[in-house]
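Asks: Sharing a model prediction with you, sequence too.
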Amino acid sequence: MHPLIDDIGSFPLPKGISRETFAQAYLKTREAIINKQDPTIDEFIQKNFCQVVVDSFRKKLACGLDVVNFPQQFDGLRQIGDAVHEAMVNGSFVVESDTAVLPEVYVLNQYAKELTEEFGKKILLRVCIFGPLEQYLHEVGAVAYPDVLDGFAETINRFAKNAILNNKYIETRVISIDEPSFGHTNLTATPELVIETLQKAYNFHGPTRQIHLHFTSGIRNLLNVKGIDVLSFEYAASPRNINDVSKSMLEEADKQIRVGVARTDIDAIWAEVYDKGFEKPTDEQLVEPVEIIRKRYLYAKEKYGELLTFTGPDCGLGSWPSQDAAALVLKRTVEAVKTA
């Protein structure tokens, strides 16, 4: 049986919708939700946010993913950061629970019945949130103040809890707290403080709790974090990462693994294709062949066995040239894993 295939999150906007317009609609949607108003009755919000999110999610669902991340098309750091800034006006880094909302999750819940009936199955949702360490680095800097880190952890925890859905049509199967700078920054926090901070962020139950990393150099410090179920790292674009994580390490820590098996580093891919003489590459030329993705998957499966419980592309696809190109990455990844 193959592991569950998911995606990391970001996805291109459709043609005709600018980032500025989408961001404006996002902020209006969040404000409406916080004020207990129905955002779908606003024509601007409906066209430039709700329908964009639902149609993008639909496109991802059609690729055959088992667990689908909401299409992260708004700045991931601002999703939390904007709310933190509002809290800071009142002298706190802790966001009130009723304002710790992800508009995409709200909208997908409203459309879950329609999507379930269209695709003939319950929607299994993945939710990604930039973690307390990443948010802290962005908002405060590299010097670690325990009380401030604690506030960021509490805020992330509140966003996570509010994103847990479980009804007839949709279930939050995975919540991923993303720490892309972990293992590569000079944050002065001790290993003990890192563990304490993350454990507070992960203090929720129900969904599988992932942590997504770009670097595996500090991964041993995460093995002692209670609450993390699945460690996730990039392998396709960063092959050396897999050497830092052994099956025995995971077994001893009672952790599982998610390995990225399809490249998503579009800038590097584009440069490589351009060097081959393709100045205007097609989607087919940008996306790796199924055979290459399958080879990576089989290597990871052989190494980790039953501990490989999730797989999919390396990272998000927000920088890809179009939704069709991004969808082709997802389709080929699904085909590679399911036909292995």
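Replies: Received it, and whenever you're ready, just let me know what you need. The shown structure was predicted, so the numbers you read here are calculated from the model rather than taken from an experiment. Residues are numbered from 1 along each chain as shown.
Asks: And the helices in the stretch 1-150 of the chain, which stretches?
Replies: Taking DSSP state H, counting those that start in this stretch as the test, the helices found in the stretch 1-150 of the chain are 19-34, 43-45, 51-61, 76-88, 103-110, 112-119, 132-139, 146-162.
Asks: how about these, which one is nearest Ile292?
Replies: Closest approach to Ile292 among the helices of the stretch 1-150 of the chain is made by helix 51-61 (21.6 Å; C-beta to C-beta). Any C-beta I mention is one placed from the backbone N, CA and C, and that applies to glycine too.
Asks: Packing partners of that closest one?
Replies: strand 68-69, helix 103-110, helix 112-119, helix 323-338 (3 or more C-beta pairs under 8 Å, 6 or more residues apart in numbering; DSSP states H and E).
Asks: Give me the distance between the nearest residue to Asn48 once chain neighbours are set aside and Ser18.
Replies: Nearest residue to Asn48 in three dimensions, chain neighbours excluded: Ala25, at 3.7 Å (C-beta to C-beta, 6 or more residues apart in numbering). Ala25 sits 10 Å away from Ser18, going by C-beta to C-beta, to the nearest Å.
Asks: what about these two, which has more around it?
Replies: More crowded of Ala25 and Ser18, by other C-beta atoms under 10 Å: Ala25, with 25 against 10.
Asks: where along the stretch 201-340 of the chain do the strands fall?
Replies: 208-213, 230-234, 256-262, 308-313 (DSSP state E, counting those that start in this stretch).
Asks: tell me the most buried of the ones you listed?
Replies: strand 256-262 (a mean of 27; mean count of other C-beta atoms under 10 Å).
Asks: counting contacts, what elements does that one pack onto?
Replies: Packing partners of strand 256-262 (3+ C-beta pairs under 8 Å, 6+ apart): strand 230-234, helix 290-304, strand 308-313, helix 323-338.
Asks: Show me what counts as buried in the longest one.
Replies: Buried residues in helix 323-338, defined by neighbour count with 16 or more other C-beta atoms under 10 Å: 323, 325-334, 336-337.
Asks: Ok, stretch 35-42 next?
Replies: Those would be 39-40, 42, for stretch 35-42 by 16+ other C-beta under 10 Å.
Asks: Then stretch 55-63?
Replies: 56-61, 63.
Asks: next one: stretch 314-323
Replies: 314-318, 320, 323.
Asks: One more: stretch 1-19?
Replies: By 16+ other C-beta under 10 Å, the buried positions in stretch 1-19 come out as 3-14, 17.
Asks: Can you give the distance from it to the centre of its chain?
Replies: A distance of 9 Å separates the centroid of the chain from that of stretch 1-19, by C-alpha atoms, centre = their mean, to the nearest Å.
Asks: Pull the contacting residues for the closest residue to Ala325 other than its chain neighbours.
Replies: Spatial nearest neighbour of Ala325, chain neighbours left out: Asp283 (4.3 Å); criterion: C-beta to C-beta, 6+ apart. The contact partners of Asp283, by C-beta atoms under 8 Å, 6 or more residues apart in numbering, come to 322, 324-325, 328.
Asks: what pLDDT does Leu330 get?
Replies: For Leu330, the pLDDT comes out at 98.
Asks: With Leu149 instead?
Replies: Note for Leu149: predicted pLDDT of 96.
Asks: and what of His2?
Replies: Value for His2, per-residue pLDDT: 87.
Asks: how close does Asp267 get to Tyr274?
Replies: According to C-beta to C-beta, Asp267 and Tyr274 sit 11 Å apart.
Asks: Comparing these two, which shows the higher neighbour count?
Replies: Shown here are Asp267 and Tyr274; by other C-beta under 10 Å, Tyr274 has more neighbours (12 against 8).
Asks: Look up the pLDDT of that one for me, please.
Replies: Tyr274 carries a pLDDT score of 90 in this model.
Asks: follow-up on the earlier one: Ile242: which of the helices of the stretch 1-150 of the chain is closest?
Replies: helix 132-139 (22.7 Å).
Asks: Output the closest one in CSV with nothing but the alpha carbons.
Replies: C-alpha atoms of helix 132-139 as CSV (Å, rounded to 0.1, in the frame of the first residue of the first chain):
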residue,chain,number,x,y,z
PRO,A,132,6.6,29.9,15.7
LEU,A,133,10.4,29.8,14.9
GLU,A,134,9.9,31.1,11.4
GLN,A,135,7.4,33.7,12.4
TYR,A,136,9.7,34.8,15.3
LEU,A,137,12.7,35.2,12.9
HIS,A,138,10.6,37.2,10.5
GLU,A,139,9.1,39.5,13.2
